[in-house]
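1. I'll drop the sequence and a predicted model, then ask my questions.
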Amino acid sequence: SHVKRSRSEPAIEPRDSLPRNREWELTPFGKVCQTRAHHGLPFSLMSYNVLAQDLLLDNQYLYRDHPTQVLDWEYRKQKLLQEFSAHQPDILCMQEVQESHLEEFYIPQLKALGYEGEYLRRTGGKVDGCATFYKKDKFSVEEARHVHYFQEGSSLTNRDNVGLILRLIPLNGQEGFCVANTHLLYNPKRGDIKLLQLVKLLAELDHMIPDFRSVPVILCGDFNARPHSFMYKFISQGYLRYHGLPIEGISAQRYGKGRKLLDMGLIPSNLTISDQCHYLEEQHVKMLRESPVLEGQFHTYHSSPYHHFHFPQVSQNSGFLWHKFHLISAYKHFIERTGEPEVTTQTNPFDSSVVDYVFYTVDGRESKSRRGNFSNRNVQEGRIKLLGRLGLLSQGEISSVGNLPNFQNPSDHMPLMVKFLLT
């Protein structure tokens, strides 16, 4: 399992590579809470693609210019443990957790730090999966839902990615909330498959939370999509007109010449999920086979993008998708202190981007899109209020220490970490 040494190189940590430390960025509400007493439960959450060692070894060409030591599992696991111990998030959502490392590393080390957790391996004999751990002196799990995106019957649903949803109940007697953790398909050319994986995850959340207004949701993980993508737009705006969109633009990972466009028939017949990301009842399935739209009209959108609650109650393959969750990102995707884009993954300077996110539900917001950049106005937070986020670094700041993984960061992704107040 060792990485081949490519050339002579120091085995010790270079002294001159003092990194810029990541700093906490508090929200205005977070600053107020620091100085005044407040009611509610503060808690922290980390979302982290930890890079499965077998996947690192399978893709060594990505890391050919990296010092060998930073690629070694013995070294990397010590660094990972240092991060878990230093930050001790109340909820830890990880992607690319190698199953063979669960018993020898993750479970015992995290148990010693006070965590319990759930793990879901990817299907199809894959070596890794998603894991969500939580501090057992703060939360208990009321329900855990394993979401397999693999489903027989269509080439659009035959990938082995997974999602894991936990309904967590605070031990202090407050009402609970849901945390969804996922790692979506990487393939930049298959935006259609990524979109359907997200649709299935949202349908599972919808099924778990009929009363979505009183149960907040945190949606996090590695979405393999960039902030200016149609996928991000769908999550943030709650609707997307997908008909006619370029498939590669769904995730916007590449600036290719992809000519393929999405047609109306996005949802294959083996997925009994509506355009509203809702599991269909038997009678609807039958009726939808005869007519794609059952109720309501589509004419309202063009005049009024914010009133997407005029969507038909049930439709399938109408050319539109909707979901009922008002989700916003805890990160801004640009660094206020420098004005540069944030980076969550960078194996080389030409491929640095944001693909990891922490979204959370609010009671209301207006999402604006200007030249591919999304922003929210008039946000009314619900039972989960954002206190702050651990700031990310820019492409240049990461390059100055070494592309990921490096001596400070044991994965090819940066961990996201946020603080919330549950009221």
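-> Structure's in. What do you need? Everything numeric in this text was worked out from a predicted model, so none of it was measured.

2. need the contact partners of the helix or strand bottoming out on mean pLDDT in the chain.
-> Within the chain, confidence by mean pLDDT, DSSP states H and E is lowest for helix 282-290 among all helices and strands, at a mean of 76. Outside helix 282-290, the residues that touch it by CB atoms under 8 Å, 6 or more residues apart in numbering are 269, 272, 274, 280, 294, 314-316. C-beta: built from backbone N, CA, C; applies to glycine.

3. out of those residues, who has the most neighbours?
-> S274 (28 neighbours; other CB atoms under 10 Å).

4. which one is P268 nearest to, not counting chain neighbours?
-> S154 (3.7 Å; CB to CB, 6 or more residues apart in numbering).

5. assign the one you found to helix, strand or coil.
-> Following DSSP: H, G, I helix; E, B strand; the rest coil, we place S154 in the coil state.

6. which residues touch stretch 336-348?
-> With CB under 8 Å, 6+ apart as the criterion, stretch 336-348 contacts 25, 49, 62-63, 65, 331-335, 352-356, 391-396, 398-399, 403-404, 412-414, 416.

7. narrow those to just the buried residues.
-> Using 16 or more other CB atoms under 10 Å as the burial test, the contacts of stretch 336-348 include 25, 49, 63, 331, 333, 335, 352-356, 391-395, 398-399, 403-404, 412-414, 416 as buried.

8. which ones are touching E83?
-> Here E83 is in contact with 48, 410, 415 (CB under 8 Å, 6+ apart).

9. could you tell me how many residues sit around the last one?
-> Neighbour count of P415, defined by other CB under 10 Å: 25.

10. ok, it to E282 distance?
-> 43 Å (CB to CB, to the nearest Å).

11. over to the second one?
-> Remark: distance between P410 and E282 (CB to CB) = 49 Å.

12. which of the two has more neighbours?
-> P410 (24 against 8).

13. show me which positions of the longest helix along the chain end up buried.
-> For the chain, the longest helix by residue count, based on DSSP state H, is helix 191-208. Under the neighbour-count criterion of 16+ other CB under 10 Å, helix 191-208 has 191-206, 208 buried.

14. in the stretch 251-400 of the chain, which spans are strands?
-> 320-322, 327-329, 345-346, 352-353, 356-361, 364-370, 373-380, 384-390 (DSSP state E, counting those that start in this stretch).

15. can you redo those as CSV with distance to N161 and mean pLDDT?
-> Supplementary listing: the strands of the stretch 251-400 of the chain in CSV, determined by distance: least, CB to CB, whole Å; pLDDT from 0 to 100:
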stretch, distance to N161, mean pLDDT
strand 320-322, 18, 96
strand 327-329, 20, 97
strand 345-346, 17, 96
strand 352-353, 19, 93
strand 356-361, 15, 99
strand 364-370, 26, 84
strand 373-380, 24, 86
strand 384-390, 26, 98
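
16. wait, which of those strands is closest to E103?
-> Nearest of these to E103, taken as CB to CB: strand 356-361 at 26.2 Å.

17. quick one: buried residues of that closest one?
-> Neighbour count says strand 356-361 has 356-361 buried, by 16+ other CB under 10 Å.

18. got the CA positions of it in PDB?
-> Output of strand 356-361 as PDB, limited to C-alpha atoms (Å, rounded to 0.1, in the frame of the first residue of the first chain):
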ATOM      1  CA  ASP A 356     -17.800  20.800  -1.200                       C
ATOM      2  CA  TYR A 357     -20.700  22.600   0.500                       C
ATOM      3  CA  VAL A 358     -22.700  23.000   3.600                       C
ATOM      4  CA  PHE A 359     -26.300  24.100   2.900                       C
ATOM      5  CA  TYR A 360     -28.900  24.700   5.500                       C
ATOM      6  CA  THR A 361     -32.600  25.500   5.400                       C
END
